[in-house]
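Colleague: sequence below, structure please.
(chains A and B)
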Amino acid sequence: KAGVTQTPRYLIKTRGQQVTLSCSPISGHRSVSWYQQTPGQGLQFLFEYFSETQRNKGNFPGRFSGRQFSNSRSEMNVSTLELGDSALYLCASSSTARGTEAFFGQGTRLTVV
Amino acid sequence: TQLLEQSPQFLSIQEGENLTVYCNSSSVFSSLQWYRQEPGEGPVLLVTVVTGGEVKKLKRLTFQFGDARKDSSLHITAAQPGDTGLYLCAGDPWDSNYQLIWGAGTKLIIKP
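Modeller: Numbering: from 1, shown residues only, chains lettered A, B, ... in the order given. Next up is the predicted model:
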């Protein structure tokens, strides 16, 4: 069974640009969550989707958005990039209705210059 | 605000020693998970504990869920360099937010 796949693995963007990150969950998993991880802040919750519905959103500005497709694949978008957006972005999928027991992808390392 | 406090934040010990990592909260969780993360990779689920007082073993790792389901511990016996990593705990608060509550992590280094 394939794991969670995130693309791309690495990305370098310039301030002001926008970026789209992709996540393919484990087959059959309907819950997908996104996290931002920086060295000093740990895992910060961005949002969670279940069957194409956003069930919860973390405390991030509106520049951060996401969506989930009917095949459970998910994308997150960050517009007007800032230097502080540089981080490891992690996607996790779960087979449970509550999104627990998360299986993570390898992440996308975003660097904003 | 629900919080999970992990301690210690950082631990560096010699190979062969024992150690315990703690995850504490004032909130009750319906379940709690432990993950290990290596640099540049996503966290990997190690175990889920559900019942108060539950003890689970994974080779040299022993996980315990507190009787009141507010805290958990991870004990490693005879630590090895391969145990090096960031250990994270995450709790399910059983509310309507569908959001795991995460500890800040314990960075563990095992020196050969």
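Colleague: end to end, how far does stretch B:30-43 reach?
Modeller: One end of stretch B:30-43 sits 21 Å from the other (CA to CA, to the nearest Å).
Colleague: and it, average pLDDT?
Modeller: For stretch B:30-43, the mean pLDDT works out to 93.
Colleague: residues of it that come out buried?
Modeller: Neighbour counts over stretch B:30-43 (16 or more other CB atoms under 10 Å in any protein chain shown) mark B:31-37, B:41-43 as buried. Heads up, the C-betas are built off the backbone N, CA and C, glycines and all.
Colleague: do the same with stretch A:67-74
Modeller: Buried residues in stretch A:67-74 (16+ other CB under 10 Å): A:68, A:72-74.
Colleague: now those residues as JSON lines including distance to A:Thr20?
Modeller: What follows is these, written out as JSON lines (distance: CB to CB, whole Å):
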{"residue": "A:Gln68", "distance to A:Thr20": "14"}
{"residue": "A:Ser72", "distance to A:Thr20": "17"}
{"residue": "A:Arg73", "distance to A:Thr20": "12"}
{"residue": "A:Ser74", "distance to A:Thr20": "11"}
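Colleague: so which of these are in strands?
Modeller: A:68, A:74 (DSSP state E).
Colleague: nearest to A:Gly42, of the buried residues of stretch A:67-74?
Modeller: Using CB to CB, the shortest approach to A:Gly42 within these belongs to A:Ser74, at 21.6 Å.
Colleague: and the closest one, what does it touch?
Modeller: A:22-23, A:25, A:32, A:34, A:49, A:66-68, A:91 (CB atoms under 8 Å, 6 or more residues apart in numbering or on different chains).
Colleague: how does it look with 7 Å?
Modeller: A:Ser74 is in contact with A:23, A:32, A:49, A:66-68, A:91, counting by CB atoms under 7 Å, 6 or more residues apart in numbering or on different chains.
Colleague: list only buried entries from those residues.
Modeller: A:23, A:32, A:49, A:66, A:68, A:91.
Colleague: closest to chain B out of those?
Modeller: Nearest to chain B, judged by CB to the nearest CB, of the buried ones among the contacts of A:Ser74 is A:Cys91 at 8.1 Å.
Colleague: and the helix or strand encompassing the closest one, how far out from the chain's middle?
Modeller: Using DSSP states H and E, A:Cys91 falls within strand A:87-94. Between the centre of strand A:87-94 and the centre of its chain there are 5 Å (CA atoms, centre = their mean, to the nearest Å).
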